[in-house]
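**Q** pasting the structure only:
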């Protein structure tokens, strides 16, 4: 999918506090949450690089120093990174306005909690062919009532936006996918240093002004990982190869991937897919059924059972405990013989 026919720069909106993901985001920025044991934001940056975009601006607000310390100048990921830090939340459009000094040509904007395989080169070709000032990626959902719905005409030009319509007032099943291609002059309409949104601010204003705003429909993979359920789903989808990450290659459908210093008792049973990170210890008669992701330094005591779970760093699972469809944060402990079904345990804050 790598192509030179894409905008040269992208802005990723990673300033939110991740309130829908609490308690997992207590003390950790949402973009740093591990997906297959790598920060989610690394997957997004790798996707953009695969598409041909090597210069990315990160729009930060919540715990910016954590993200800056991890990513630095981006050279470890083979990209160039710049930062636009908000002293108070500026909203989606306001955050991009805050990065305006970097944006001197057509650029891409992505919401920081979206995982997708959208072909940006094809979307950019659509944008140029239509002569658009703004192009909004649209994804199809069966029930659009919880989303911002975008109504377009026969050639894709946006007619109107309907936020979270009632079931009997749904004009379309195509929703705003949180991915945009914009011309830099659109930012002239965004006020500086104040909270302002794309969804109910800039985009409706551009329509009022008669500017060409288009919707680009695609039916590929799209997931908003902004809730614990969707976060778990993303990990499972990637491990099960329902979708691939540009960051990680070489996975197989039922593979079991262990770092070299993992200790596994001979009586333990592991059915993939599973990723087991360094220093993990798996005890006697433990049963693991994938998809399962275990972060570094996890300990699974004797006769525990795990199915469809994501464990972060340093998690301790007691003897005989049963976990299914769970996400367990850093350093958390699960008592012996506990039964956790569809549960989330927050990280233990130091």
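**A** In hand now; what should we look at? What you see is a predicted model; the values in this text were computed from it and never measured.

**Q** can you give me the helices for the protein?
**A** 40-51, 64-71, 91-97, 120-130, 203-208, 228-239 (DSSP state H).

**Q** run through who's touching the fifth one.
**A** Residues lying outside helix 203-208 but in contact with it, judged by Cβ atoms under 8 Å, 6 or more residues apart in numbering, are 133-134, 136, 158-161, 186, 189, 213. To be clear about C-beta, it is placed using only N, CA and C from the backbone, and glycine gets the same treatment.

**Q** what does stretch 124-132 give?
**A** Residues outside stretch 124-132 that contact it (Cβ under 8 Å, 6+ apart) are 5-7, 106, 135, 155-157, 181, 183, 212-214, 216.

**Q** now that we have these, which of them are buried?
**A** Among the contacts of stretch 124-132, those buried by neighbour count (16 or more other Cβ atoms under 10 Å) are 6-7, 106, 135, 156, 181, 183, 212-214, 216.

**Q** got the buried residues for stretch 223-241?
**A** 223-226, 228, 230-240.

**Q** ok, now how distant is residue 226 from residue 177?
**A** In this view, residue 226 and residue 177 are 13 Å apart by Cβ to Cβ, to the nearest Å.

**Q** repeat for residue 69
**A** Using Cβ to Cβ, residue 69 is found at 30 Å from residue 177.

**Q** neighbour count for the two, which is higher?
**A** More neighbours surround residue 177 than the other of residue 69 and residue 177, with 27 against 8 (other Cβ atoms under 10 Å).

**Q** let me see the contact set for residue 46.
**A** Counting by Cβ under 8 Å, 6+ apart, residue 46 has contacts 77, 245-247.

**Q** tally of neighbours for residue 96?
**A** Neighbours around residue 96, by other Cβ under 10 Å: 27.

**Q** now residue 107
**A** Using other Cβ under 10 Å, residue 107 is surrounded by 24 other residues.

**Q** quick check: it touching residue 6?
**A** No. Contact criterion Cβ atoms under 8 Å: residue 107 and residue 6 do not qualify, at 10.1 Å.

**Q** what's opposite residue 161 in the beta bridge?
**A** Listed by DSSP bridges, the beta-bridge partners for residue 161 are residue 150.

**Q** start at 785 instead
**A** Okay, using 785 as the starting number, the last item reads as residue 945.

**Q** can you list the weak-confidence ranges in the protein?
**A** Residues of the chain meeting the criterion pLDDT under 70: 785-788, 1133-1134.

**Q** now do the phi/psi pair for the residue nearest to the spatial centre of it.
**A** Closest to where the C-alpha atoms of the chain average out (Cα atoms, centre = their mean) is residue 897, at 3.3 Å. The phi/psi pair for residue 897 (degrees, to the nearest 10) reads phi -110, psi 20.

**Q** distance of it relative to residue 800?
**A** 8 Å.

**Q** shared neighbours, the two?
**A** residue 814.

**Q** what number of residues lie near the closest residue to residue 1049 other than its chain neighbours?
**A** Leaving aside its sequence neighbours, residue 1049 sits nearest to residue 1068 (Cβ to Cβ, 6 or more residues apart in numbering; 4.6 Å). Residue crowding around residue 1068 was assessed by other Cβ under 10 Å; the count is 13.

**Q** isn't residue 1068 up against residue 1047?
**A** No. Using Cβ under 8 Å, residue 1068 is not in contact with residue 1047, being 11.5 Å away.

**Q** related to what we said a few turns ago, can I get the contacts of stretch 908-916 in TSV with distance to residue 827?
**A** Shown next, in TSV, are those (distance: Cβ to Cβ, whole Å):
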residue	distance to residue 827
789	23
790	18
791	20
890	24
919	23
939	34
940	29
941	32
965	21
967	27
996	32
997	29
998	27
1000	22
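
**Q** restricted to strands, list the residues you listed.
**A** If you go by DSSP state E, those have 919, 965, 997-998, 1000 in strands.

**Q** on that earlier part again, could you dump the contacts of residue 830 to TSV with distance to residue 1128 and neighbour count?
**A** TSV is the format used below for the contacts of residue 830 (distance: Cβ to Cβ, whole Å; neighbours: other Cβ atoms under 10 Å):
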residue	distance to residue 1128	neighbour count
861	29	19
1029	23	22
1030	27	18
1031	24	20
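
**Q** what's the most distant pair in the residues you listed?
**A** Maximum pairwise distance among the contacts of residue 830 (Cβ to Cβ): 13.0 Å, between 861 and 1029.

**Q** ok, of the buried residues of stretch 1007-1025, which one's closest to residue 1095?
**A** residue 1019 (10.6 Å).

**Q** quick one: residues contacting the residue nearest to the closest one when sequence neighbours are not counted.
**A** Closest residue in space to residue 1019, ignoring its immediate chain neighbours: residue 1094 at 5.0 Å, by Cβ to Cβ, 6+ apart. Residue 1094 is in contact with 818, 1015-1016, 1019, 1076-1077, 1110-1112, counting by Cβ under 8 Å, 6+ apart.

**Q** mind redoing it with 10 Å?
**A** 808, 817-821, 1012, 1015-1016, 1018-1020, 1023, 1059, 1075-1079, 1109-1113, 1128 (Cβ atoms under 10 Å, 6 or more residues apart in numbering).

**Q** one more: residue 934?
**A** For residue 934, the contacting residues are 920-922, 928, 942-946, 955-956, 958-961, 983, 987, 997-999, 1001, by Cβ under 10 Å, 6+ apart.
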